[in-house]
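Asker: What would the 3D arrangement of this be:
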Amino acid sequence: MNHTCENCTKKFSSKYTLKKHVELTVCKKDVKESTKEKNDKLCTSIRCNYKTHKNSDLQKHIKSCKFVEIDNIIKTVHIENDTMLSIRDERIKQLEYFLQEKDKEIERISKEHLKEIERMEKEQDRLTSLFEKVITKPAVMNNTTNNTTTTTIRGSNNNLQSFLASNELYEKQVDPERIKSIDQSDVERHFWLGQKGIARFCVDHIVNTTDEEGNSKMLLCCTDPSRKRFKYVDADNHVVDDIEARHFIDTVSAPIVTVCRKVYDNVVKKIEDDMKETKDAFDLNLLENKTNIAQQKFLEINNIGDHNRNSEYKNEMSILLKK
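Answerer: Here you go, the predicted structure:
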C-alpha cells in the first residue's frame, strides 16, 4: 500500500519511511517556504513587484511607491475625463433642445409673417380697387361734359380740344422744379404701389389741371388703350400722337425718380429708427420686410424712364386716361 507525503506528494511503501521523510529538514523547509509564499502581501499596483508578509511594511511601501502614485493619477484623470464628458453630453442635450425650440419659434414667426404679408396684399388690392374707382369716376364725368363743348380744331381730333391743355400749360405742369416741389407725403402715398401708384400720382398732380379760366384740363389722354396711343397738344396747337406716352414719360421720369429717391431714403431711415427701438422678433421681421418692399417699389419706379421696363406704368396710364 502506498503512503503519500502531504507536503511534497511523494509516495512511500510504508508508514515508517514516510515518517522519516517528513522529519527530514529539507521537506520541512519546503513546507515552510511554501506556506510563507502563500502568506505574502503584494503591492496594490500591478506594475510593482514588491512583496512582504508584514502588513505594516506594505503600508509604508504603498505611501512611497511611485507605481501606486501613477495609478492614483491615472484614476483621477479618468474620473475627471468622465466628468467632463458627462458635462459635455449634458450641454449638447441642452443645445439640441434650444435649437429645437428656436426652430419652432422661427416656424411660428414665419407663419405669422406670411399671414401679415397676405393681409398687406389684400389691403393693397383693396386700396388699388378704391383708387381706381375714385380716379375713373371723374374721368367719365369730364368726358361727358367735354363732349358738349365746341372746338376750334378740324378733323377727327376736334372732340379732344375741349379737355386737352394748351402747350403752355403742358410745359408748366411738367416743369421739373414744380414736380420736385410737390409735397413728399403725397408722393409717399403712391410710392407703395410702385409703377401703378406713380401713374396715379402723375394723373392726380401733373396730368389733371385747370387753365386760367378755371376749366378742367388734361395734359394728355389715351384714345387707344390696347396700343397705348396717347394724344396731346403740341406747340403748334395741333393734337398729336404720343405713342406709349414716350414724350410725356421722357419729360417727367427724371424729376419723379429724384422725388421718389428722397421718399425712399426717408422711409428707410424711419424703419431703421423703429428697429432700434424694438427688440421683438416679430416686429423686427415686419420692419425688415417693409424695407424689402420699399426697395422693390423704388426699383420699379426707377425703371419708369426705361420703355422696356415700364409696362405697368404705361398700362395704368392708359386705363386712367382712357377717352
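Asker: Assign N49 to helix, strand or coil.
Answerer: Here N49 is coil, with the state taken from DSSP: H, G, I helix; E, B strand; the rest coil.
Asker: Enumerate every residue touching the nearest residue to it once chain neighbours are set aside.
Answerer: Nearest residue to N49, sequence neighbours excluded (Cβ to Cβ, 6 or more residues apart in numbering): C43, at 7.5 Å. For glycine as for every other residue, the C-beta is placed from the backbone atoms N, C-alpha and C. Residues touching C43, when contacts are defined by Cβ atoms under 8 Å, 6 or more residues apart in numbering, comprise N49, Y50, K51, L58, H61, I62, C65, F67, V68.
Asker: Return the distance of stretch 307-323 from the chain's centre.
Answerer: What separates the centre of stretch 307-323 from the centre of its chain is 34 Å, taken as Cα atoms, centre = their mean, to the nearest Å.
Asker: Sorry, slip of the keys, the one I care about is stretch 244-262.
Answerer: Stretch 244-262 has its average C-alpha position 33 Å from the chain's average C-alpha position, going by Cα atoms, centre = their mean.
Asker: who touches that stretch?
Answerer: When contacts are defined by Cβ under 8 Å, 6+ apart, stretch 244-262 is touched by residues 174, 176-177, 179-180, 182, 184, 187, 191, 198, 201-202, 206, 219-220, 222, 228, 230, 232, 242, 298, 301-302, 304-305, 307, 310, 313-314, 317-318.
Asker: let's go with 7 Å and repeat that
Answerer: With contact meaning Cβ atoms under 7 Å, 6 or more residues apart in numbering, stretch 244-262 is reached by 174, 176, 179-180, 182, 184, 187, 191, 198, 202, 206, 220, 228, 230, 242, 298, 301-302, 304-305, 307, 310, 314, 317.
Asker: Could you list which of the residues you listed belong to strands?
Answerer: In strands, defined here by DSSP state E, the members of the contacts of stretch 244-262 are F230, D242.
Asker: ok, L193 - how many residues close by?
Answerer: When counting by other Cβ atoms under 10 Å, one arrives at 21 neighbours for L193.
Asker: For it, give its distance to K66.
Answerer: 87 Å (Cβ to Cβ, to the nearest Å).
Asker: Buried members of the contacts of C43 into ChimeraX, please.
Answerer: One line in ChimeraX is enough to select the buried ones among those; burial here means 16 or more other Cβ atoms under 10 Å:
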select :50,58,61,62,65,67,68
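Asker: Can you pull the domain assignment for the chain?
Answerer: Structurally, the chain divides into domains by automatic domain parsing as follows: 1-39, 149-320.
Asker: Which of those domains comes out lowest on mean pLDDT?
Answerer: Among the domains of the chain, domain 1-39 has the lowest mean pLDDT, at a mean of 67.
Asker: Could you report the separation of the closest residue to E188 other than its chain neighbours from Q195?
Answerer: In space, and not counting its chain neighbours, E188 is closest to V263: 5.0 Å by Cβ to Cβ, 6+ apart. Distance from V263 to Q195, counting by Cβ to Cβ: 14 Å.
Asker: do the same with L321
Answerer: L321 sits at a distance of 15 Å from Q195 (criterion: Cβ to Cβ).
Asker: Give me the buried entries from the contacts of stretch 244-262.
Answerer: Among the contacts of stretch 244-262, those buried by neighbour count (16+ other Cβ under 10 Å) are 174, 179, 182, 187, 191, 198, 202, 206, 220, 228, 230, 242, 298, 301-302, 304-305, 307, 310, 314, 317.
Asker: Which elements pack onto the longest helix anywhere in the chain?
Answerer: Secondary structure of the chain per DSSP state H: the longest helix is helix 66-146. Using 3 or more Cβ pairs under 7 Å, 6 or more residues apart in numbering; DSSP states H and E as the contact criterion, the elements in contact with helix 66-146 are helix 281-302.
Asker: 8 Å instead?
Answerer: When contacts are defined as 3 or more Cβ pairs under 8 Å, 6 or more residues apart in numbering; DSSP states H and E, helix 66-146 sits against helix 194-202, helix 281-302, helix 311-320.
Asker: what's the most buried one of these?
Answerer: By mean neighbour count, with neighbours taken as mean count of other Cβ atoms under 10 Å, helix 194-202 ranks first of the helices and strands packed on helix 66-146 at a mean of 24.
Asker: Run through who's touching the helix or strand just after it.
Answerer: The element immediately downstream of helix 194-202 (helix or strand, assigned by DSSP states H and E) is strand 208-210. By Cβ under 8 Å, 6+ apart, the surrounding residues in contact with strand 208-210 are P138, A165, L169, Q173, S216, K217, M218, L219.
Asker: In TSV: these, plus distance to I293 and neighbour count.
Answerer: TSV is the format used below for the contacts of strand 208-210 (distance: Cβ to Cβ, whole Å; neighbours: other Cβ atoms under 10 Å):
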residue	distance to I293	neighbour count
P138	29	12
A165	35	23
L169	36	18
Q173	30	21
S216	35	16
K217	35	21
M218	32	23
L219	31	28
